[in-house]
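**Q** Sequence plus the predicted model coming up.
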Amino acid sequence: MSTFLRFSRLLRLSQTATYVSRSVVVRNNTIRLQNKNLTASAILARFQSTSTEPKEDEYHSIIKDTEEPAGQATKHEFQADTKMLLNIVAKSLYSDKEVFVRELISNASDALEKFRYMLLADGEAIQKLKDSGRKLEIHISTNKQARTLTIQDTGIGMTKDELITNLGVIAKSGSKAFIQQLKDKRDQSDNGNIIGQFGVGFYSAFMVAEKVEVYSKAGTEEQRYRWSSDGTGSYEIQPAEGVQYGTKIVVHLKVDCREFADGDTIKEIIQKYSNFVGSPIYLNGTRANVIQPLWLSNPKTITLQQHAEFYKYISNSYDLPRYTLHYNTDVPLSIHALLYFPEGKPGLFEMSMDTNSSVALYSRKILIKHKTDNILPKWLRFVKGVVDSEDILLNLSRELLQNSALIRKLRNVLTQKILKFLKDEKKKKPEEYEKFHADYSQFLKEGIVMSHDQNEKEEIATLLLFESSHKDSGIKVGLEDYISRIKDDQKVIFYLAAPSRTLAEASPYYENLKNRNQEVLFCYEPYDELVLMHLRQFKNYNVVSVEKDMRDDKKAADLSNLGADSLKRSEIDELTKWLKDRLAGKAAVVSATNRLENHPCVVTVEEMAAARHFMKSQAHQVPEEKRYALLQPQFEINQRRDMLYCNHNSKLIQSKYDILLSLF
C-alpha cells in the first residue's frame, strides 16, 4: 500500500472515530494520537518501514520452512455440534471448492486490519507490540511436489487461547468478537474493513485438505504455537520454533484437489475473488493484486484511461464505456458503485432474457458474486460494473444473497440512480443519448413490459424517443416533450404503430387526427405498441393507440347529419346488411363512419397492439373461426359517395366492396 493510501486511511480513521479514552483528532492539519501531537511527517515516519514496497516484478517472499514443533502436543476434541457443522462446512456450505482461497485470504486481511487498528488507536498496545514496524502483507506459495498451499500474513497473530477459541470452536469468529469489543468501547472507527464475521471461513480449507497446519505468533508475546487437524474430530496444539509474527497456514491438499498447488490456478482465483484486498498479496514471490479498487477512489481523480482499463478488466470486453456512473452514498445504504454503459451494440447473447447481470457484487472489496441477478432488474443486464456494499446480508458462505427487504432496497436505489443518470445525459447531450437509445432502447422497453410498478414504468418511459407527426422525419421526441405541447382540454397521448413514416402518414387511422392537427407519436419497432399498451398512463395522461381511439369514438358513428356527398341512409343500411352477410363469422360489427375521408374502409379491434401480437405469436395454433371470435373485429365503411366511385345504385356500391372484402 502506498504512503499516500496509508495516510489517507489514517485521516479517514481520525475523521470518523469516536473514542472514550483514546482519541484521534484532526485539528489544524495535526493529528493527535493518545494525547500526543504528531505532525503528518511523524505519522508517515511511523509507517515508513511498511510503506516501501518491492517493485511489481521484483521477487519478494517471507515464506520460509523454518517452523518446527518444540514441545509436547496437547490433543483437543471438537465439540459434538462442531463435528457436525465441520462436516457441513467441508461438504455442503460452499458451491465451489476454489472459494477456500478467498476465505483464507479474507482471514489474513482481517488479521492485518486488526494489527493496523492497534497501531493507530491503542497507544498502550503499541508499546507491547513486537516488531510493530513490519510490513503488512499476505504471502502465498504453492508446491506441486509436496501438494501444499501456504498462506502467511504479518498480522496480529494468535495466542494459544485464541487458537483454541477461534479454531477449536466452529462459528466462533475472532473478527466478530473483535468488532463487538469495538462496539463495547464505542470504537467504530474502521471496523468496516473486517471481513469475516461468521467464523466458518477457515474450515472451508477442509473441502480440499487432508490436513491443515497453522503456525502463529501473537504480536504481544514471544510464545508461538502450531495448530493441526485433519478435520475429522480433533486437533492438536503444541509449542513451535522458527515462527514469524503473524499466522501461517499450510494446507496439505487431497489427491483429487492437487490443482490448488498450481500457481497459475491460484493466481486466477486471487484475481477473481481477492484482487482488491487492501493489503499486498504476493504469490510465489510476485505481487498478485495490482489493480486498485477504482470504485473507492475519488471520481474526480480517475482518468479516462483508468476507466477504460478497469472496464475491460471487469467486463472482459474490448470496447470502451459509453457512459460511466460513479456513485457513492451512505444513506439509505452504504453503496459504492462504479457502473459502465457499453459503447458497442448489444450482441444476440446479451439480448437474451436468460442472460445474467454483468454487475459484480463485492463486500468490503471481496468478491461475493461475479454476476448478480437481483442487485439490478433483469432489463438492466447490459450495464457492467461493480457494486460494493457493507450492509448486504450474506449467508454463511457469502455466495448466496438473502432475498430480503434490504436487497430490494439496494436494487431500487441503484435502479433509480441509473434512471436519473440517463435522464441527465438525455438533457445534457441529446445527440449522444440518441445513439445510446438506438442501440439499447429495447432494454428500456423490456423494463416497461416486465415491471409491475407503474411509477417505475413511467420513469423508464421518460427515456424513450419516438418520431412525431409535428416534427420532421428523423427528429425524435420524448413523452415529456409531447406533453409540453398538449392543449388544455386534451387528456390523451396518441401513438400509431407502422413500419415506416410513409405508411404511418398514409394510414386510415391517422387521417382524421391529421385533419385536426393532432400530434401523434409514430412507432416503427414491431414491439413498440405492446410497450405503450403496458405503459397505459404517463403523468396522468392516458397513452392511447389511434386505432383504439377510432373504435371508441362514439361521434364517428353519428350519421344524423349526412352531407350532400354521402350515401343515403337507406343505401347505408342496405350496404351494411349486405356486408354483414358476406362477413358472417368474421366481422362482429359492420357500420359506417364519418371519420374516413381518403380511405374506403377500415378494420378496428379493441386492443390492436395485443391483437397483432396474438396474430404473430399464437394465431397459428387457433382455428380461423376462433380467431375472429376472440378478436371481435369491427368493419367500418366510408359513407362518402365520391370515395366509392359509384352512383345511386347500391348494387354498384356492393360490387366495389367485393374487391375490398378480399383484404379482410
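**A** Cool, the structure landed.
**Q** Pop out the phi and psi values for the spatially closest residue to residue 355 that is not a sequence neighbour.
**A** The shortest distance from residue 355 to any non-neighbouring residue, by Cβ to Cβ, 6 or more residues apart in numbering, is to residue 381 (5.5 Å). Just so you know, the C-beta spots here come from the backbone N, C-alpha and C atoms, and that holds for glycine as well. As for residue 381, its main-chain torsions (degrees, to the nearest 10) stand at phi -70, psi -10.
**Q** Numbering from 812 from now on, please.
**A** I'll keep to 812 as the first residue from here, and by that count the last item is residue 1192.
**Q** so who does residue 1192 touch?
**A** Residues counted as contacts of residue 1192 (Cβ atoms under 8 Å, 6 or more residues apart in numbering) are 1161, 1166, 1167, 1168, 1169, 1254.
**Q** ditto for residue 942
**A** Taking Cβ under 8 Å, 6+ apart, one finds 1030, 1056 in contact with residue 942.
**Q** Compute the distance between it and residue 1055, please.
**A** Between residue 942 and residue 1055 the distance is 9 Å, computed by Cβ to Cβ, to the nearest Å.
**Q** now do residue 1110
**A** Computed as Cβ to Cβ, the residue 1110 to residue 1055 distance reads 40 Å.
**Q** between those two, which one's more packed in?
**A** Comparing residue 1110 with residue 1055 by other Cβ atoms under 10 Å, the one with more neighbours is residue 1055, at 21 against 14.
**Q** and that one, that one's in a helix?
**A** No. Per DSSP: H, G, I helix; E, B strand; the rest coil, residue 1055 lies outside any helix segment and is coil.
**Q** quick one: contacts for it?
**A** Per Cβ under 8 Å, 6+ apart, neighbours of residue 1055: 873, 875, 877, 963, 965, 1028.
**Q** switch to 7 Å and redo it
**A** Residue 1055 is in contact with 873, 1028, counting by Cβ atoms under 7 Å, 6 or more residues apart in numbering.
**Q** and what of residue 1172?
**A** Residues counted as contacts of residue 1172 (Cβ under 7 Å, 6+ apart) are 1179, 1180, 1183, 1186, 1198.
**Q** Which strand or helix spans it?
**A** Per DSSP states H and E, residue 1172 falls inside strand 1169-1174.
**Q** so what strands line up beside that strand?
**A** Paired strands of strand 1169-1174, with direction, are strand 1177-1180 (antiparallel), strand 1195-1199 (parallel) (DSSP bridges).
**Q** so how far is whichever helix or strand comes after the last one off the chain centroid?
**A** Sequence order places helix 1216-1239 as the next helix or strand after strand 1195-1199, per DSSP H and E. Relative to its chain's centre, helix 1216-1239 lies at 11 Å (Cα atoms, centre = their mean, to the nearest Å).
**Q** Helix 1216-1239: what's the following helix or strand?
**A** Later in the chain than helix 1216-1239, the nearest helix or strand by DSSP H and E is helix 1241-1261.
**Q** picking up where we left off before, okay if I get the strands paired with strand 1169-1174 as CSV plus distance to residue 1411 and mean neighbour count?
**A** Below are the strands paired with strand 1169-1174 laid out as CSV (distance: least, Cβ to Cβ, whole Å; neighbours: other Cβ atoms under 10 Å):
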stretch, distance to residue 1411, mean neighbour count
strand 1177-1180, 61, 21
strand 1195-1199, 54, 23
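**Q** okay, now the domains of the protein?
**A** When the chain is parsed with the TED database, its domains come out as 894-1099, 1105-1239, 1275-1363, 1380-1474.
**Q** sorry, back to before: check what pLDDT the residue nearest to residue 1166 gets.
**A** Per-residue pLDDT puts residue 1192 at 92.
**Q** Also residue 1010?
**A** 53.
**Q** can you list the weak-confidence ranges in the stretch 912-1061 of the chain?
**A** Confidence mapping of the stretch 912-1061 of the chain against pLDDT under 70 gives the ranges 932-939, 980-1011, 1031.
**Q** in it, which spans are helices?
**A** In the stretch 912-1061 of the chain, the helices defined using DSSP state H, counting those that start in this stretch lie at 934-939, 971-979, 985-996.
**Q** averaged over its residues, what pLDDT does stretch 1217-1231 have?
**A** Mean pLDDT, stretch 1217-1231: 92.
**Q** nope, stretch 1283-1291 is what I meant
**A** Mean per-residue pLDDT for stretch 1283-1291: 95.
**Q** Relative to the whole chain's centre, how far out is that stretch?
**A** Centroid displacement of stretch 1283-1291 relative to its chain, using Cα atoms, centre = their mean, is 31 Å.
**Q** got it, and stretch 1316-1330?
**A** Taking the mean of its C-alpha atoms, stretch 1316-1330 sits 43 Å from the chain's own mean (Cα atoms, centre = their mean).
**Q** Which residues does it contact?
**A** Outside of stretch 1316-1330, the residues within contact range by Cβ under 7 Å, 6+ apart are 1279-1281, 1293, 1296, 1305, 1307, 1309, 1315, 1331, 1357-1358, 1361, 1406-1410, 1413.
**Q** and if we set it to 6 Å?
**A** Residues outside stretch 1316-1330 that contact it (Cβ atoms under 6 Å, 6 or more residues apart in numbering): 1279-1281, 1307, 1331, 1357-1358, 1361, 1406, 1408-1410, 1413.
**Q** would you turn the residues you listed into JSON lines with neighbour count?
**A** Output for those, formatted as JSON lines (neighbours: other Cβ atoms under 10 Å):
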{"residue": "1279", "neighbour count": "19"}
{"residue": "1280", "neighbour count": "18"}
{"residue": "1281", "neighbour count": "15"}
{"residue": "1307", "neighbour count": "24"}
{"residue": "1331", "neighbour count": "25"}
{"residue": "1357", "neighbour count": "25"}
{"residue": "1358", "neighbour count": "26"}
{"residue": "1361", "neighbour count": "22"}
{"residue": "1406", "neighbour count": "20"}
{"residue": "1408", "neighbour count": "13"}
{"residue": "1409", "neighbour count": "12"}
{"residue": "1410", "neighbour count": "17"}
{"residue": "1413", "neighbour count": "20"}
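**Q** Just the ones of those residues in strands?
**A** 1279, 1307, 1413 (DSSP state E).
**Q** will you turn those residues into CSV that also has pLDDT?
**A** Shown next, in CSV, are the ones in strands among the contacts of stretch 1316-1330 (pLDDT from 0 to 100):
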residue, pLDDT
1279, 96
1307, 92
1413, 82
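**Q** just to revisit the earlier point, how close does the residue nearest to residue 1166 get to residue 1379?
**A** Taking Cβ to Cβ as the measure, residue 1192 falls 62 Å from residue 1379.
**Q** cool, and residue 1338?
**A** For residue 1338 relative to residue 1379 (Cβ to Cβ), the value is 45 Å.
**Q** The two - which one has more neighbours?
**A** Remark: of residue 1338 and residue 1379, residue 1338 carries more neighbours, 17 against 13, as counted by other Cβ under 10 Å.
**Q** for residue 914, what are its contacts?
**A** Contacts of residue 914 by Cβ under 6 Å, 6+ apart are 1012, 1015.
**Q** ok, back up a step: which one among the contacts of stretch 1316-1330 gets closest to residue 1175?
**A** Taking Cβ to Cβ as the measure, residue 1175 lies nearest residue 1279 of the contacts of stretch 1316-1330, at 49.6 Å.
**Q** so what's the nearest residue to the closest one once chain neighbours are set aside bridging to?
**A** In this structure, residue 1279 finds its nearest non-sequential neighbour in residue 1288, 4.9 Å apart by Cβ to Cβ, 6+ apart. Beta-bridge partners of residue 1288, counted by DSSP bridges, are residue 1277.
**Q** Ok, residue 1059 next?
**A** Under the criterion DSSP bridges, residue 1059 forms beta bridges with residue 963, residue 1026.
**Q** That one - how many residues pack around it?
**A** A count of nearby residues for residue 1059, using other Cβ under 10 Å, gives 23.
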